[in-house]
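Q: Sequence below, structure please.
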Amino acid sequence: MTHPRILIVEDEAIVADELQRRLSRMGCEVAGMAASGEDAVRLAIALKPELVLMDIDLQGEMDGTQAAQQLSRQLQVPVVYLTASSDASVIGRAKLTEAFGYLLKPLDERLLHITIEMALYKHQMGQERKKLLEDLQEALARVKLLSGLLPICAGCKNIRDEEGYWHQVEAYIRDHSEADFSHSVCPRCARTLYPDYFGEPESTVA
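A: Residues are numbered from 1 along each chain as shown. So this is what the prediction gives:
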């Protein structure tokens, strides 16, 4: 694990201090500490941590699951829950927020370490999949621009775009795809343009 920056959200000072010491022993950097959901959101926006360890039962009007939902929408930061409760309703609330982990207090340090590593890895893979999907959608959009009927001039072979402007074929395709052009001469045109090279007389019109 490469020194991830972690925000601790815990309203019991003794538990928060112990958690900070454990994270330091594990090589993590504690970006900050919050005791309420409201402070958690404010600090996360300001500090941009790589992961949040979030107590579910917090002081104030916003509990841990509500704070996690806001962080997910605004920062896409992974959240691992900490709680002393294994109640099914609490777990159900945590599931709805798509948390990256769920740890019961008192915390086992080895399990804490593994859960943090897995949460960071899962988040990284999710971000990479999202980027690949965006790249694919962009590529498909470019392909779509070149599908269907293209209005092309029968004389000069220029292409008319969606706004009614005319462009050279090379320029249009270059702007609407990742294709580029290199110029050459086909055998038929070479014989017409360079008859002496092929030992053939130029065609004349009677």
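Q: is it true that Leu120 touches Val52?
A: No: counting by Cβ atoms under 8 Å, Leu120 stays clear of Val52, with 11.6 Å between them. Where you see a C-beta, it was placed from the backbone N, CA and C, and this is true even at glycine.
Q: hey, what's in contact with both of the two?
A: Common neighbours of Leu120 and Val52 (criterion: Cβ atoms under 8 Å, 6 or more residues apart in numbering): Pro78.
Q: Of those two, which one has the most company?
A: A count of neighbours by other Cβ atoms under 10 Å puts Val52 above the other of Leu120 and Val52, at 30 against 19.
Q: The more buried one and Val80 touch, don't they?
A: Yes: using Cβ under 8 Å, Val52 is in contact with Val80, at 7.2 Å.
Q: which ones are touching Glu29?
A: Contacts of Glu29 (Cβ under 8 Å, 6+ apart): 3-6, 23.
Q: List the beta-bridge partners for it.
A: Assessed by DSSP bridges, Glu29 has beta-bridge partners Arg5.
Q: Report the buried members of the contacts of Glu29.
A: 4, 6, 23 (16 or more other Cβ atoms under 10 Å).
Q: I'd like those residues laid out as a markdown table, including distance to Leu133 and pLDDT.
A: Output for those, formatted as a markdown table (distance: Cβ to Cβ, whole Å; pLDDT from 0 to 100):
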| residue | distance to Leu133 | pLDDT |
| --- | --- | --- |
| Pro4 | 25 | 94 |
| Ile6 | 28 | 97 |
| Leu23 | 33 | 96 |
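Q: Looking at those residues, which is nearest Leu75?
A: When the buried ones among the contacts of Glu29 are compared for distance to Leu75 (Cβ to Cβ), Ile6 comes out closest, at 13.7 Å.
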